[in-house]
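>>> Pasting a predicted model and its sequence here:
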Amino acid sequence: MKIFGLLLAALVAGSAGCTKTDSFNCLASSECMVSGVAGVCELGVGEPGGVCSFPNLDCPSGKAFGEFAGEQAGLCVGENPGSTTTPTSSVSNTGTGPATSSETSVDPSNGTTVDITTMTTDTTMTSEVTVTTTTETTLTTDPSTTTAGPACAPLGDACTADTPCCGDVCTGCQDGFCVALDQPQDPGCGTGCLGCNNGSCKPVAAGLECTANCSDFVLQQTVAGQQTICNGYGPGQLMGSCDDGGLCSVPDPVAAGCVADMPTQLAVCDTTCVQNSLACTPNVTGFDKADFCALNGPGPGCKTSCLEDNSSNMASCDMNGICQQDPVPCGNYKCDPAIGMCPTKCADTSDCVVGMCKGKQCM
């Protein structure tokens with residue numbers, strides 16, 4: 001190993017002269033660092049070892065090969081020519097911690113799935129490279145060896161305790177066959193304006209009388225600090241009429257007896273994640289938080305952008321509509337405001353914080 005490290009150091013020292021290399025083969029992700037931007041060593045792509053890739057939003061994989069990746073340079077990871085992708089394995093590295101890879105394989109001798117997680121800690125020195133590998137193995141049961149739930153039977157087909165009828169509360173097994181029910185089984189279709197029709201819950205005729213709850217109707221929208229709240233009226237039953245969409249409609253909840261002094265919180269999310277404020281319009285019923293708040297994705301004010309300290313703020317709304325932010329320093333490259341991300345190459349010196357742009361690299 002020491003001889004190999006000395007040879008590698010000699011190659012690195014030799015490249016510091018005037019000779020320009022077209023490719024660089026890495027052994028670990030810690031070697032993929034350009035002006036403070038961390039990359040990933042794509043093992044198995046270059047020989048020997050691998051080649052470096054760096055973040056790129058224009059690529060489906062989110063990564064593109066670096067300038068010194070030989071024939072792969074500039075291509076998205078996963079594209080031809082010569083790239084290799086394995087859907088069941090992944091390699092990740094933030095540039096400050098160990099690289100981790102995971103693979104899944106099936107042991108044919110006992111029908112179990114073996115999940116292998118490999119953690120590699122890389123330390124690059126001027127004259128020697130030390131690689132420490134720790135392998136953890138977890139055995140789990142192969143899903144193919146477990147018993148799946150019973151298949152369901154469509155309307156008109158035979159049904160048993162092991163083969164129930166497909167569909168919702170509007171289908172049932174009678175005399176050994178699946179039939180469409182006139183009345184829903186428990187817990188029902190959800191509202192009094194939905195009923196059974198040909199084996200599924202569908203809106204009943206518009207205009208029929210229905211019972212609703214005051215808390216189902218939007219009262220108002222309020223802002224508290226960095227969050228926006230959509231409130232409903234306080235709890236209480238009232239009478240209404242079914243509309244064409246299967247909802248119990250009440251034109252004026254206050255006139256029908258709803259009170260506003262004890263509001264019900266229908267949804268709360270960060271203001272930067274509010275994507276449709278009209279979903280919280282007073283007296284509207286059928287409120288859905290997923291319409292009001294951006295969930296599990298970017299929001300109008302919560303998205304990847306450049307910060308004043310020259311970092312890329314990788315922001316996104318979580319499953320609760322809370323904006324999660326992850327600033328990433330751009331090093332010697334100026335954050336690109338068009339995409340809100342740190343570039344890995346420069347077109348000219350104006351793309352660099354300090355120094356000059358040489359060979360598309362800020363130096």
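Ah, there it is. Just so we're clear, the structure is a prediction, and the values are computed from it rather than from any experiment. Numbering: from 1, shown residues only.
>>> wouldn't residue 264 be in contact with residue 215 here?
Yes - contact criterion CB atoms under 8 Å: residue 264 and residue 215 qualify, at 4.0 Å. Placement of C-beta: from N, CA and C, glycine included.
>>> overlap in contacts of those two?
Any residue near both residue 264 and residue 215 by CB atoms under 8 Å, 6 or more residues apart in numbering counts here, and that gives 232-235.
>>> got a list of what residue 360 touches?
Residues counted as contacts of residue 360 (CB under 8 Å, 6+ apart) are 67, 345-347.
>>> contacts for stretch 283-296?
Contact partners of stretch 283-296, identified using CB under 8 Å, 6+ apart, comprise 212, 216-218, 230, 232, 245, 247-253, 266-267, 269, 273-277, 279-280, 299-300, 302, 316-321.
>>> Of these, which belong to strands?
212, 218, 230, 232, 248-249, 266-267, 269, 316-317 (DSSP state E).
>>> now, among these, which is nearest to residue 200?
Using CB to CB, residue 248 is the member of these that lies nearest residue 200, at 19.5 Å.
>>> beta partners of the closest one?
residue 242 (DSSP bridges).
>>> What distance do you get for residue 54 to residue 291?
Residue 54 is 37 Å from residue 291, where distance means CB to CB, to the nearest Å.
>>> Looking at those two, which is more packed in?
Each of residue 54 and residue 291 has its neighbours counted (other CB atoms under 10 Å); residue 54 has more, 22 against 13.
>>> Can I take it that that one is in a strand?
Yes - the assignment for residue 54 (DSSP: H, G, I helix; E, B strand; the rest coil) places it in a strand.
>>> That one and residue 64 touch, don't they?
Yes - look at residue 54 against residue 64 with CB under 8 Å: they come within range, at 6.5 Å.
>>> Now do the shared contacts for these two.
Shared contacts of residue 54 and residue 64 (CB under 8 Å, 6+ apart): residue 344.
>>> tell me the average confidence for stretch 176-188?
Stretch 176-188 shows a mean pLDDT of 88.
>>> For that stretch, which outside residues touch it?
Stretch 176-188 is contacted from outside by 153-160, 165-173, 195-196, 198-199, 201, using CB under 8 Å, 6+ apart.
>>> Among the residues you listed, which lie within helices?
Nothing among the contacts of stretch 176-188 maps onto helices, per DSSP state H.
>>> Report the separation between residue 321 and residue 227.
Using CB to CB, residue 321 is found at 9 Å from residue 227.
>>> for residue 302, what are its contacts?
Residues near residue 302 by CB under 8 Å, 6+ apart: 270, 272-273, 294, 315-317, 323, 325.
>>> try it again with 10 Å
Residue 302 makes contacts with 269-275, 294, 313, 315-318, 321-325, as judged by CB atoms under 10 Å, 6 or more residues apart in numbering.
>>> swap in residue 344?
Residue 344 neighbours (CB under 10 Å, 6+ apart): 34-35, 37, 39, 52-56, 64, 66-67, 330-331, 333, 360-362.
>>> repeat that for 6 Å
37, 54 (CB atoms under 6 Å, 6 or more residues apart in numbering).
>>> Need phi/psi at residue 222.
Main-chain torsions, residue 222, degrees, to the nearest 10: phi -130, psi 160.
>>> the helices in the chain, which residues?
Going by DSSP H, the chain shows helices at 2-14, 289-292.
>>> lowest-confidence stretch among these?
Mean pLDDT is lowest for helix 2-14 among the helices of the chain, at a mean of 37.
>>> just the buried members of the contacts of residue 302?
Those of the contacts of residue 302 that meet the buried threshold are 269-275, 294, 313, 315-318, 321-323, by 16 or more other CB atoms under 10 Å.
>>> my guess is residue 195 contacts residue 204, does it?
Yes - contact criterion CB atoms under 6 Å: residue 195 and residue 204 qualify, at 4.6 Å.
>>> just for the stretch 101-250 of the chain, where's the confidence low?
Applying pLDDT under 70 to the stretch 101-250 of the chain picks out residues 101-150.
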